[in-house]
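>>> need a structure here:
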Amino acid sequence: MGSASTVRSAGGVPAVRLTGVRRVYGQLAAVAGVDLEVAEGEFFTMLGPSGSGKTTLLRLIAGFERPDAGTVELAGVDVTRQPPYARDVNTVFQDYALFPHMDVLENVEYGLRVARVPKAERRRRAEAALDMVRLAGLGGRKPVQLSGGQRQRVALARAIVNEPEVLLLDEPLGALDAKLRQEMQFELKRIQREIGISFIYVTHDQEEALTMSDRLAVFNQGRIEQLGTPVEVYEQPASDFVAGFIGVSNLLERDGRHFTIRPEKIYLLADGEKAPDGSHVERGRIEEVVYLGMLTRYQIALEAGGRLTAVRQNLETAAAEALEARGRTVNVAWRQTQTYDIHNENRAGTPTARNEGKGQ
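Here you go, the predicted model:
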C-alpha cells in the first residue's frame, strides 16, 4: 500500500509512534490498524477526504478518544490510556476556540496560568509567542476586534506558548479565504521551523499538504494508502486513489501497462511540430478548453480510447486564442520516463484511459 519509509529523529526515538491503532464505531472501522512514526521536528500531514479516518487518528493522538486496539507513544512513552491533559501535546482547531471575554494576551497566557506559571514568566512567554506569530502589540485587543487570520494566529500562539512535544492542527485554515490560506501556509511552515517541534497537520486540501509537509500520509477508508514526501506521493502515486486524489492525474492502460501521467507532462503538438525524442505520440480531439489565467486546461478524447487532461502555461496565449482550440484534432505526446506504473490490488475492470482528480 505505498512506501513504508519512516523518518526518525536524531536520537532514534520518534516524537509519535502508532502501532496497530484501531478505532471502530459500530460496524465501521474509522481507523483500521494504522502503523505510523513521526520524527521529532517533522512537519507531517495526514491528508484525505471526509470520512477517511485522519481526524479520528488525530483525536486518538491527542487523547480525546481511546483506541479499541493498538498503542500510542509520545517520545517513546506509552500514553494510550493517559487523558489529554497528561500528554505533552496541544491542539489547534478550525474554530479557534478563543475566550471572547479575555484579551489576546490573556488568551495566550491561559494554559500557563492553569499550569500555575508565575505571572511575570507567563507574560514574557506569551509576548514572545505573539511576536513569533507576528501579532506583537495586539495583546490588549479582544478576539472580536481581530480578523480571521489574526484570530487563527492567536490560537496558534496559545498552543505553542506551552512548548509541547507535538502540536496537532485539525484543519486550522479551513475558515479562511483562499488568499489568506496561502499566506498562512507559509507562516505555519516558518513558525514550525523556528520552534523546531513536530507538527501533525490534518487537511483535505492537497495544495496545503504539498506546500507545507516534510512527509504526508494519504488516508482512505481508515488506512494509509501511501506514505512519503510530497514529491514521492505526487510523482509516484501508489494507487489509482492516490493518483486521483492528489491533483489531476491521467490514468491510462496501454499494451498491458497501467500507468499515470500528470497533465503538465503532456505536450500538445502544433501542426508539423515534432515530438521530443523518445516520446510516445497519440492522436486526439480537443473536446473542452478552460482558460485559467496562468494556465489553460485542455480535455482531449484520444483516438485509441479514453480521455486525458493536459495543461499549458499561457506564456503568449490570450484567452480567445486558447478557446479557439476547441474541436481541433491534435497530436499529444509524453515521455515514457515521465509515466509511473501503478500496481493496484483488485483492479478488475479498469477502463482503457481516464482522467481523475481535482481541477488544476
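
>>> residue 151: what secondary structure?
The local conformation at residue 151, judged by DSSP: H, G, I helix; E, B strand; the rest coil, is helix.

>>> what is the burial count for it?
Around residue 151 there are 22 other residues, counting by other CB atoms under 10 Å. (Glycine included, C-beta is placed from N, CA and C.)

>>> in three-state terms, label the closest residue to it other than its chain neighbours for me.
Distances taken as CB to CB, 6 or more residues apart in numbering put residue 96 closest to residue 151, at 4.9 Å, once the chain neighbours are dropped. Three-state assignment for residue 96 (three-state DSSP): coil.

>>> check contacts around residue 96.
143, 151, 152, 154, 155 (CB atoms under 8 Å, 6 or more residues apart in numbering).

>>> what is the nearest of these to residue 180?
residue 152 (8.7 Å; CB to CB).

>>> quick one, grab the pLDDT at that closest one.
Per-residue confidence at residue 152 stands at 87 (pLDDT).

>>> quick check: it touching residue 184?
Yes. At 6.6 Å, residue 152 counts as touching residue 184 under the criterion of CB atoms under 8 Å.

>>> so what sits against both of those two?
173, 176.

>>> what about the two, which has more around it?
residue 152 (26 against 21).

>>> what about the more buried one, distance to residue 296?
According to CB to CB, to the nearest Å, residue 152 and residue 296 sit 34 Å apart.

>>> next up, the contacts around the residue positioned nearest the centre of the chain.
The residue lying closest to the centre of the chain (CA atoms, centre = their mean) is residue 209, at 2.3 Å. Residue 209 is in contact with 45, 47, 201, 203, 216, 230, counting by CB under 8 Å, 6+ apart.

>>> repeat for residue 87
By CB under 8 Å, 6+ apart, the neighbours of residue 87 are 62, 63, 74, 79.

>>> ok, for the second one, nearest residue in space, not its chain neighbours?
Closest residue in space to residue 63, ignoring its immediate chain neighbours: residue 84 at 3.8 Å, by CB to CB, 6+ apart.

>>> would you check that the one you found makes contact with residue 64?
Yes. At 6.0 Å, residue 84 counts as touching residue 64 under the criterion of CB under 8 Å.

>>> of the contacts of residue 87, closest to residue 237?
Nearest to residue 237 among these, with distances taken as CB to CB, is residue 62, at 29.5 Å.

>>> got the phi/psi numbers for the closest one?
phi -70, psi -20 (degrees, to the nearest 10).

>>> what's the neighbour count on residue 292?
13.

>>> how far away is it from residue 233?
Taking CB to CB, one finds residue 292 at 23 Å from residue 233.
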